[in-house]
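S.K.: structure, please.
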Amino acid sequence: MKLKYFLFLLPLVALVALGAYNGDEAEEAEGITWYSMKEAQDLAAENNKKVLVYAEAVWCTYCKKMENEVFPKQEVIDSIARYYYPVRVDIESDKKHEFNEETLTGSQFAQKYRVQGTPTFFFIDEGGNILGAQPGYIPPDVFTNLLAFVGSDAHERVSFEEYTEENKN
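M.R.: The predicted structure follows:
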C-alpha cells in the first residue's frame, strides 16, 4: 500500500518541482538580469554603460523590500537595462568578485568600500571608477530617477534635486 502512494506521489512531486523551477526561470527572464562583477565591467567598457552594484545581506529587511517592491517595477527594470549592468554582492559572503582586476570576497568588498549598511548601491562608470554610493531603501519613483540621473550623466551638470524637478511627469 505504501508503495502505491509513493509511486503516485513521486510524479506529483516531480511535476510541482518542475513547475516551480519553470516559474522561477520565467520570473528571472522578465526581471533584472544580474551579472558577475567582471562580466559587468567588461560589458560596461564595451558598451559605454555603467555598473550598478547592489550590496546586500541575507538578513537585511530593507533589501527584501527592495527586491519585492522596487526591483519588480517595470520602470526600474527598464532603467537598469538602459544604463547599467547590475551586480549583486552579498556583504557577508565568501563569493569572489573581480573588481578592477582585484579579487575580493563580498565581505572584503564591503570592508574596502566602507559599506556601513544594506542595501547600498554603488554607481560605477565604464572605466571602473566609483561615481558614488547610495545607502538605504529607495522608493521606486526616486530609484528610477536616481538610475537615470547617474546613468545619463546628468549628475555632471545638475544636482539630483534639479534633475528631479526638470523631469517631473
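S.K.: okay, CA-based contacts and neighbour counts for the rest of this
M.R.: Fine.
S.K.: Provide the backbone phi and psi angles at Thr103.
M.R.: Main-chain torsions, Thr103, degrees, to the nearest 10: phi -90, psi 120.
S.K.: go ahead and confirm it touches Lys112.
M.R.: No - look at Thr103 against Lys112 with C-alpha atoms under 8 Å: they stay out of range, at 11.7 Å.
S.K.: which of those two has more neighbours?
M.R.: Remark: of Thr103 and Lys112, Thr103 carries more neighbours, 15 against 10, as counted by other C-alpha atoms under 10 Å.
S.K.: and Arg157, how many neighbours?
M.R.: 9.
S.K.: how close does it sit to Leu146?
M.R.: Distance, Arg157 to Leu146, by C-alpha to C-alpha, to the nearest Å: 14 Å.
S.K.: equivalent analysis for Val51, please.
M.R.: Going from Val51 to Leu146 by C-alpha to C-alpha gives 14 Å.
S.K.: which one's more surrounded, the two?
M.R.: Between Val51 and Leu146, counting by other C-alpha under 10 Å, Val51 is the more crowded of the two (30 against 20).
S.K.: wait, what's in contact with that one?
M.R.: For Val51, the contact set (C-alpha atoms under 8 Å, 6 or more residues apart in numbering) comprises Ala40, Gln41, Ala44, Tyr84, Tyr85, Pro86, Val87, Phe122, Phe123, Ile124, Asp125, Glu126.
S.K.: chain neighbours aside, what residue packs nearest to Phe143?
M.R.: Val76 (7.3 Å; C-alpha to C-alpha, 6 or more residues apart in numbering).
S.K.: what does Ala133 give?
M.R.: Phe122 (4.4 Å).
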